[in-house]
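[1] Structure for this input, please:
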Amino acid sequence: MKKILLSSIILLFTLTVNAQSKKKKDRQAIKDMCGCYEVTFNFAETFNNSKDSLYKPSKTKTDKGLEWAELIVDENNKISIQHLLQVGNPTNPHIVKHWRQDWLYENTDFYMYNGDNNWLFQTKPKSEVKKQWTQKVYQVDDSPRYEGSGTWVHVDGKSYWENTTDAPLPRREYTKRSDYNVTERGNRHEITSYGWLHDQDNRKIIRRTGKEDIVVAHEKGYNTYVKVPDSRCKAAQNWWKKNQNKWQLIRNKWDEVYGRNTNLSLENKVDNKPLYKHLFSEETSQENEIDKTIESFIKK
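    Presented below is the predicted three-dimensional model:
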């Protein structure tokens, strides 16, 4: 009996140590996405499913930039990374607040995109997300974009995470296309010898209430993040130090909105301007102004 009890204790201890070691590797892989990177964005439409003979595929898109990924939250079960683009003259660059990604361990609350600026609140059982990390991706104004849960895999010298989830149209598309309203994103984040890779296999979808989804086309995305000295992103680092307090207030308000745990629908524009133009303005800097502005975009 004592041998059985001792064996059980040893097994439990071993499993606990292995789980902690795995989580430590997960956290390091996520934080390896921080720093200064030369980024190349590549997108190409691969397969055309449209039955419309006049359908024109999107042009192949290739772009480059310098991006700073700032670690803004580093907790045991949450890691948050703010991305900033540094563009223009290297001696006097312009800084663009870009996307943000939050990583939550064994998260059960989700805002799932359902087309036309609507997100459905869903709760998953703990058993379904055990040892998984949720990646929550936000727009430039910290409004929701997409999120999904998956397991970080560390095998054969590779570290990667994969998930498929629905998202709004990307910025490169929604100003040009209105013939679909959902992007189903197949995301793979992989840590590489040069930095990291965001590999995507996407589907362009028409979604209408009460009808079956229509897949218009398929798209391949291949974005490489090549690590360069942090000193090259000094301007972005300085910009964040100057502006981080304002964006903390904005995140605080959004956290309160997300904490309502209910479906969320947002206006495209208020006073003929999208949300990011309101929040990027220096005139919107006080907490009460920020709260009022964000609330004005939430459909009641």
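
[2] Quick check: next helix or strand after the lowest-mean-pLDDT helix or strand in the chain?
    Ranked by mean pLDDT, DSSP states H and E, the weakest helix or strand in the chain is helix 2-31, scoring a mean of 68. Using DSSP states H and E, the helix or strand that follows helix 2-31 towards the C-terminus is strand 35-48.

[3] That next one pairs with which strands, parallel or anti?
    Next to strand 35-48 in the sheet, as set by DSSP bridges, lie strand 61-75 (antiparallel), strand 214-228 (antiparallel).

[4] okay, these in JSON lines with mean neighbour count and mean pLDDT next?
    Yep, even glycine has a C-beta here, placed from its N, CA and C like the rest. Formatted as JSON lines, these follow (neighbours: other CB atoms under 10 Å; pLDDT from 0 to 100):
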{"stretch": "strand 61-75", "mean neighbour count": "16", "mean pLDDT": "97"}
{"stretch": "strand 214-228", "mean neighbour count": "18", "mean pLDDT": "97"}
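
[5] Show me the shaky parts of the chain.
    For the chain, the stretches flagged by pLDDT under 70 are 1-20.

[6] Tell me where it has helices.
    2-31, 171-174, 234-258, 275-280, 287-297 (DSSP state H).

[7] Setting aside sequence neighbours, what's the nearest residue to the residue most central in space within the chain?
    Residue closest to the average C-alpha location in the chain (CA atoms, centre = their mean): Val137, at 2.2 Å. Excluding its sequence neighbours, the residue lying closest to Val137 (CB to CB, 6 or more residues apart in numbering) is Arg145, at 4.6 Å.

[8] Met33 too?
    Trp196 (5.3 Å).

[9] List the contacts of the one you found.
    32-33, 189-190, 225 (CB atoms under 8 Å, 6 or more residues apart in numbering).

[10] what do you get for Ser80?
    Counting by CB under 8 Å, 6+ apart, Ser80 has contacts 71-73, 100-103.

[11] and with 6 Å instead?
    72-73, 102 (CB atoms under 6 Å, 6 or more residues apart in numbering).

[12] Same list (those) but as CSV, adding distance to Lys204.
    Shown next, in CSV, are the contacts of Ser80 (distance: CB to CB, whole Å):
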residue, distance to Lys204
Ile72, 32
Val73, 33
Asp102, 26
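
[13] of those residues, closest to Ala167?
    Asp102 (15.2 Å; CB to CB).

[14] for the closest one, what are its contacts?
    Applying CB under 6 Å, 6+ apart to Asp102 gives the contacts 80, 136.

[15] Okay, and the beta partners of it?
    Beta-bridge partners, per DSSP bridges, of Asp102: Ser80, Lys136.
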